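>>> predicted model, plus sequence, below.
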Amino acid sequence: MSYLAPGTPENVALAQHVNGRLRAEARIVAARAFLFRALGFGSFAALAGIGAGAAFYGYASMHEVQGAADKLAAALTTALSDVTLKTKGEVTLTDNTLRLEGGLPKGGGRPDVAALTTNQGKSEAPATTAIRTSFTVFKTVPYLDGSIVTGWNFKGDEAKPEKQYCYVTRPQSFGDGTTSNQTTVAIDGQVLPQPTRSEVNFAVIARNCVWFDPSKL
């Protein structure tokens, strides 16, 4: 074994070689650290980009749904503004009785149909065509905020009604207006079956129906 003296060419060469090796390893370590930092930054940027893209996509989807909802609401509003609602009802007199001029005859219990039909339809209908006149007499009884109405359907040549029916009518709000809700409870004196979910008691209402009675005319 030999020992090299300080300052000898061999010792200087060995020192330079060791220094070069240390610098190379330091550069390798620095390169690896830079690589790891770059990978970390790149992963962070990629995840941030994915998150931002998902956020923008969600925001755009929400606005697209909101826009579709607004369009649907506008279409429904336009459609409803063009719709004409029609209601069907019956007009009753304030004194609760439909009266014919001249009143009802005492003997027959019905109006003078011949007087009502005089000179009606002669110019329009052929001579061979039979003209039938029918009418309805309404009897009304107040009930809560509505009324109980009994209708007598007469033919022109009968002393008693051909058919009778009784219904209850009450006002019902519909949008900005008010219409009537009509429920038939009895026909020809017979109470109809009580519906399961009906708020109207048919038996109670039927006791207030005014059925045709010649003795009371």
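Thanks, I have the structure now.
>>> scan the helices and strands of the chain for the one with the lowest mean pLDDT.
The helix or strand of the chain with the poorest confidence is helix 113-116; it has a mean of 54 (mean pLDDT, DSSP states H and E).
>>> which parts of the helix or strand following that helix are buried?
Sequence-wise, the next helix or strand downstream of helix 113-116 (DSSP states H and E) is strand 134-143. Of the residues in strand 134-143, those scored as buried under the neighbour-count criterion (16 or more other CB atoms under 10 Å) are Val137, Phe138, Lys139, Thr140, Tyr143. Placement of C-beta: from N, CA and C, glycine included.
>>> likewise for stretch 11-20?
Using 16+ other CB under 10 Å as the burial criterion, none of the residues of stretch 11-20 qualify.
>>> quick check: phi and psi on Arg132?
With angles defined as degrees, to the nearest 10, Arg132 shows backbone torsions of phi -110, psi 130.
>>> what about Val204, distance to Arg132?
Counting by CB to CB, to the nearest Å, the gap between Val204 and Arg132 amounts to 37 Å.
>>> and if you look at Val141?
Distance from Val141 to Arg132, counting by CB to CB: 30 Å.
>>> one step back: and Val204 and Arg132? which has more neighbours close in?
Under the criterion of other CB atoms under 10 Å, the comparison of Val204 against Arg132 puts Val204 first, with 12 against 9.
>>> where's Thr183, which helix or strand?
When secondary structure is defined using DSSP H and E, the element that contains Thr183 is strand 177-187.
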